[in-house]
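Participant: this one's structure only:
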């Protein structure tokens, strides 16, 4: 996999965690629950990539996510403040999660989002639902099945 940057980089107001070897980007308006959802996933074994600001860099193989140096390993936890947490330096983006209070019950098609001219799988989640972290993990598992050339679905 070629990870050479092609110099397309942007900083977005978002949070990002690594689940295994895959980055999940959370976006939504201020106060939507990005950090809270990231915290719940971290409690389930994910690692922080970045909180509040995420650097996205387009490479030939996709998009790499990293934290700005000033906030690497730091997370805002409401009612507590800024805390230090285990984090990863950079990781390839696999899923974009848009936070909304009214997600579709049955999405018609697998949704994608264009970020830095790359198509990224996307889902819409209500971050206040207790099952939100589990849904994100299930979405990553489903994506892995859908892209596995040996899965029965693709034969």
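Facilitator: Nice, thanks for sending it over. None of the values given here were measured: they were computed from a predicted structure.

Participant: for the chain, which helix is longest?
Facilitator: Longest helix in the chain, counting residues (DSSP state H): helix 132-147.

Participant: what number of residues lie near residue 66?
Facilitator: Residue 66 sits with 20 neighbouring residues when counted by other Cβ atoms under 10 Å. To be clear about C-beta, it is placed using only N, CA and C from the backbone, and glycine gets the same treatment.

Participant: any idea how far residue 113 is from the residue nearest in space to the middle of the chain?
Facilitator: The residue lying closest to the centre of the chain (Cα atoms, centre = their mean) is residue 24, at 1.6 Å. Residue 24 is 13 Å from residue 113, where distance means Cβ to Cβ, to the nearest Å.

Participant: shared neighbours, these two?
Facilitator: Common contacts of residue 24 and residue 113 (Cβ atoms under 8 Å, 6 or more residues apart in numbering): residue 96.

Participant: what residues does the helix or strand residue 25 falls within touch?
Facilitator: Using DSSP states H and E, the element containing residue 25 is strand 22-27. Contact partners of strand 22-27, identified using Cβ under 8 Å, 6+ apart, comprise 12-18, 34, 37-38, 41, 46, 49, 54, 56, 65, 91-99, 120, 127, 136, 140.

Participant: that concludes my questions; thank you for your assistance.
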